[in-house]
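J.: Attaching a predicted model along with its sequence, questions to come.
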Amino acid sequence: MSTPTPPAAGLAPILAAALIASTAALPALAQNAAAGEKKAAMCIGCHGIPGYQSSFPEVHRVPMISGQNAAYIVASLQAYKKGERRHPTMRGIAGSLTDEDMADLGAFYESHGQSVLKAVSASTPPAPTPEVGALLAKGACASCHGADYTKAINPAYPKIAGQHADFLYVALRSYATPDNPHVGRANAIMGAQVKPFSRRELKAMADYLGSLPGDLRTVPQSRFR
Ligand code: HEC
Ligand code: HEC
């Protein structure tokens with residue numbers, strides 16, 4: 001990686017603008033949530049089981065994707081397919097999906113589970129400890145992920161509030177491993193974001209973000225309607 005990395009806060013708006021431009025250039029695909037529901041049959045064995053753990057490459061809970069932004073679901077499936085995200089199982093699964101499948105699955109999962117969503121209180125989220133508050137400020141995390149970490153500035157960015165903390169920690173560490181062919185994630189924006197932090201600091205932020213109220217859910221198959 002030869003790209004120089006200026007301080008995170010200075011880089012953030014430039015990278016954000018670049019990503020917005022690149023997602024705007026994607027061809028618009030008609031999204032079909034009903035078609036996505038059928039295609040999700042191959043996802044529920046992991047994403048539809050509350051607390052389900054992935055054991056390879058390491059043990060952590062499988063991310064909640066019901067309620068996640070459709071554009072982010074598509075972006076991450078594309079990243080697995082292209083190999084920018086190296087998780088072996090998800091690479092295999094995403095590799096079998098067409099652009100249309102991804103659009104349908106994104107539309108389905110974004111709307112999925114709305115009927116079981118408890119109203120998230122409109123009140124401001126619990127304040128972090130001073131240490132975690134300083135870390136989040138240093139990374140300017142809210143400038144992209146939103147003040148409540150649910151309303152990101154771009155739908156291709158993930159909702160992270162209330163996501164499983166152990167998964168958030170694995171994801172953050174993945175961005176710190178951009179070059180290994182077998183593990184990690186190559187992502188210019190988040191790769192730069194995680195650089196200034198130690199593992200302990202990443203874990204502290206993941207624990208706080210995971211404790212927040214949010215829109216993400218695991219919706220078991222029996223609740224499908
Ligand atoms: C065998 C279990 C398994 C199956 C089946 C599976 N996934 Fe996954 N999925 C995972 C794991 C584990 C991760 C976390 C990978 C990582 O660390 O990047 C993941 C990550 C994801 C992500 C990224 C979430 C995020 O917040 O970054 C999306 C989107 C996703 N899966 C969608 C799907 C879809 C859609 C299907 C069905 C077509 C599916 N998955 C099938 C286990 C599975
Ligand atoms: C410049 C905008 C920007 C900033 C600042 C930013 N993020 Fe991100 N974040 C993103 C984008 C874009 C992604 C999706 C990357 C991808 O596709 O893998 C992301 C992904 C993530 C993920 C992965 C979520 C998942 O479901 O896999 C976590 C966790 C995360 N960010 C936490 C943070 C934290 C903590 C900070 C502050 C230290 C931060 N982000 C700062 C834009 C940003």
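T.: Looks like it arrived, so ask away. Numbering: from 1, shown residues only. Ligands and ions are numbered 1, 2, ... in the order given.
J.: Just give me the neighbour total for the nearest residue to His112 once chain neighbours are set aside.
T.: Among residues not flanking His112 along the chain, Ser66 sits closest, at 4.3 Å (CB to CB, 6 or more residues apart in numbering). C-beta coordinates here come from the backbone N, C-alpha and C atoms, glycine included. By other CB atoms under 10 Å, the residues close to Ser66 number 23.
J.: And Ser66, how far from ligand 2?
T.: For Ser66, the distance to ligand 2 (CB to the nearest ligand atom, to the nearest Å) stands at 13 Å.
J.: dump the residue contacts of the residue in the chain that ligand 2 sits nearest to.
T.: Relative to ligand 2, the nearest point of the chain is Gly139 (2.5 Å; CB to the nearest ligand atom). Gly139 is in contact with 8, 193, 196-197, 205, counting by CB atoms under 8 Å, 6 or more residues apart in numbering.
J.: farthest-separated two in these?
T.: Ala8 and Met205 (13.1 Å; CB to CB).
J.: who's more crowded, these two?
T.: Met205 (24 against 20).
J.: Just to check, that one is in contact with Cys141?
T.: Yes. Using CB atoms under 8 Å, Met205 is in contact with Cys141, at 7.3 Å.
J.: Flag every residue of the chain that's near ligand 2.
T.: 12, 15-16, 19, 63, 75-76, 79, 139-141, 143-145, 157-158, 160, 163, 168, 171-172, 185, 187, 189-190, 193, 205 (CB under 6 Å from any ligand atom).
J.: Drop anything exposed from these.
T.: Burial by neighbour count, judged by 16 or more other CB atoms under 10 Å, picks out 12, 15-16, 19, 63, 75-76, 79, 139-141, 144-145, 157-158, 160, 163, 168, 171-172, 185, 187, 189-190, 193, 205 from these.
J.: Tell me which residue is most central in the chain.
T.: Nearest residue to the geometric centre of the chain (CA atoms, centre = their mean): Pro158, 4.2 Å.
J.: check contacts around that residue.
T.: 68-69, 72, 76, 145, 152.
J.: Out of these, which sit inside helices?
T.: Among the contacts of Pro158, DSSP state H puts 72, 76, 145 in helices.
J.: Format these as JSON lines; extra columns: distance to Glu131 and pLDDT.
T.: Formatted as JSON lines, the ones in helices among the contacts of Pro158 follow (distance: CB to CB, whole Å; pLDDT from 0 to 100):
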{"residue": "Tyr72", "distance to Glu131": "28", "pLDDT": "98"}
{"residue": "Ser76", "distance to Glu131": "30", "pLDDT": "98"}
{"residue": "His145", "distance to Glu131": "19", "pLDDT": "97"}
